[in-house]
Structure formats: structure tokens, C-alpha cells
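K.L.:
no letters, just coordinates:
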């Protein structure tokens, strides 16, 4: 590990340990014999034992019983490639993980990697951000070792004007993953995820493009998984929550990250094949903004109205009290009451 905390395992070491972990994880609560591992990996029994010992040194709890073999009991709560790779079920997303214990911003680091030629699907992940960013220049509070902070390099075949659709693609993927994990999450336009009216996740997309061509998109995602109110400053604690608080039990972060990468890639593939309409339909079902009275604040003005729909570009359509329809491309949207009678 270098001074910046970057994990760099050799190819042989990483592949062997990942394969052992993958076989043990597939075994569930059953034991996997050392002979079976040796045969599958083409290693001696001694080499398998050394690999298991190395994994134990890294914090993995692995039972070993003579004549029965090995069983994975517990994985450390980290998000390095060693924890993530055996859990992944993706073709591109997360197959290359750049892990650092601490970064100013995963988006900034991923942006530099993309400029240097990083491939589609490469992911930057960290335990703590010191200068994490939300929308409109706000800070994203990132307590260490508790949540999920990552940025993905995407190279979509899209004109620049369609790039904002990817924010909604990500919102659908995050909302569905949170729901599968036990949190009743909904999407607040355009890029916040809430549980019980409190923010649990946010998305920040940044773009490098020419007028007719997208070079790359950096998709940044922060999800509060295991943070408690005391882990946030008072002003954030009033409006934030975590998945663990919502479901009443700790969240295995590596499992959640792998599930999210899988769901995100599935929706990116749908978007690439079929366009925005399937995403728009799913977004509507998960929205907690549509059908509600809202206060819209843009750089130019403020107004109130009913959030009726999103259009084919993802812009929010708000019917004002004067009866006109306003198309909101960017701004803050505040829900004025819990539920509208029109929904």
C-alpha cells in the first residue's frame, strides 16, 4: 500500500485470492475441501493453505476442519477489490476498481483517470472523502468506513444533450437496490434518494464532451449505509438517514456495492439498447416528487405548482397555479406537503 492508501495487488496474488474467496462464497455454509480447491485452481494443498492464511491475515474469518475443508464465515467490512471482485456479476462495471482509503473527491479522481484513458466501467471507491461534492457546489459529508462513495467512468454512445438521462438511470438503479436491501426508497427529482422523507443517497454526474460527442461521463454516487445521526453534523443529521437506520440492521457494504453495480449496469444496458423511455417509466413508479405540490428554486426565480411528469429528456414538468406548465431543467425542488390529493 502506498502513501496515498492505494491497494495494488499483483495479478497472480489478486487472482488466486479472489478465486479462493469466490469458491468459498459459493459454498455458503458448507465446507469446501482443500482437494477441490487444489483441483480447481491448479495449486498444491500447501499453496491453498498459504492463500487461506493470507486471507485470514487480511481479516477474513475462515474455518478449517480436517477432512472437511474450509468455510468462509465472515468477510471484513472493506471495499477493496479483494472484497468486491468475487461478488461481482457484471461485464464492465467495477471490473477495475481503484481503491483509496481517503480521497478529496472520487469524482475528481475518476475525471483524471478518464482523461488519461480509463475504460468504460472503471470505478473509483474510497472509505472517506474530504471534499466530497453534491449538487450545486454543496458538500457531501462522508464519514469514514460506514457508507459507500464511488464514481464510475462511463463512455456512452450519446450526444451531449442526452447525457443528463444517465442521472435518472442511476437514480432508478440506486432506488431499486435500496428497496431490495430493505429500505423503502423513493426518488426526489432530480437525483436524491429518500427514505421516510430523509436523504439516503445522492448522485452527481459530470461530463466531458464536444458539441456533437460525449468523451466520457463521471457518475458519482454516495449512499448512506451504516451511518448514525451522530456521524453527521447537526444540520445534516436533521435531514439525512441511512439504510441501516431504515431497516434496523447493519448493511454488508461489499454485498450492497456489488448488487448496486449489477443493477446499475443492467439499467445502463437497457438505456443503451432501448433509449430513455423504459428508464422514464421506471423512474415515474419510484418517484416521490410527481403528483405533489412543490416549490421550485432556479437561478432566476422561484415558483410553486404541481409536479406532473418528466418529459422525454428527464426535465420536470410543473403546472403552476396560473395554469401554465413550466419545464424545469435544473434547480432545487422542495416538496410542500407529504401527499397531493391529485396523485
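P.N.:
Good, I have the coordinates. Only a predicted model underlies this, so the values are computations on that prediction, with no experimental measurement involved. Numbers count the residues shown, from 1 in each chain.

K.L.:
so who does residue 194 touch?
P.N.:
185, 186, 187, 188, 200, 288 (CB atoms under 8 Å, 6 or more residues apart in numbering). Where you see a C-beta, it was placed from the backbone N, CA and C, and this is true even at glycine.

K.L.:
switch the cut-off to 7 Å
P.N.:
185, 186, 188, 200, 288 (CB atoms under 7 Å, 6 or more residues apart in numbering).

K.L.:
next step: these restricted to strands.
P.N.:
Of the contacts of residue 194, the ones assigned to strands by DSSP state E are 185, 186, 188, 200.

K.L.:
state the mean pLDDT of stretch 163-182.
P.N.:
For stretch 163-182, mean pLDDT rounds to 96.

K.L.:
need the max-distance pair from the contacts of residue 194.
P.N.:
Comparing every pair within these by CB to CB identifies 200 and 288 as the most remote, at 11.8 Å.

K.L.:
who has more neighbours, the two?
P.N.:
When neighbours are counted by other CB atoms under 10 Å, residue 200 and residue 288 differ, and residue 200 comes out ahead with 27 against 21.

K.L.:
for that one, give me the pLDDT.
P.N.:
For residue 200, the predicted pLDDT is 96.

K.L.:
was I right to think it contacts residue 243?
P.N.:
Yes: using CB atoms under 7 Å, residue 200 is in contact with residue 243, at 6.3 Å.

K.L.:
common neighbours of the two, please.
P.N.:
Joint contacts of residue 200 and residue 243 (CB under 7 Å, 6+ apart) are 178, 183, 224.

K.L.:
walk me through the domains of the chain.
P.N.:
11-74, 81-286, 293-335 (automatic domain parsing).

K.L.:
hey, which of the ones you listed is tucked in deepest?
P.N.:
Relative to the other members of those, domain 81-286 carries the highest mean neighbour count by mean count of other CB atoms under 10 Å, namely a mean of 19.

K.L.:
quick one: distance of that one to the chain centre.
P.N.:
Relative to the centre of its chain, domain 81-286 is centred 3 Å away, using CA atoms, centre = their mean, to the nearest Å.

K.L.:
and for stretch 19-28?
P.N.:
Using CA atoms, centre = their mean, the offset of stretch 19-28 from its chain centre is 24 Å.

K.L.:
for residue 330, which three-state class applies?
P.N.:
Assigned by DSSP: H, G, I helix; E, B strand; the rest coil, the conformation of residue 330 is coil.

K.L.:
hmm, back to that, show me which of the contacts of residue 194 is closest to residue 327.
P.N.:
residue 188 (18.0 Å).
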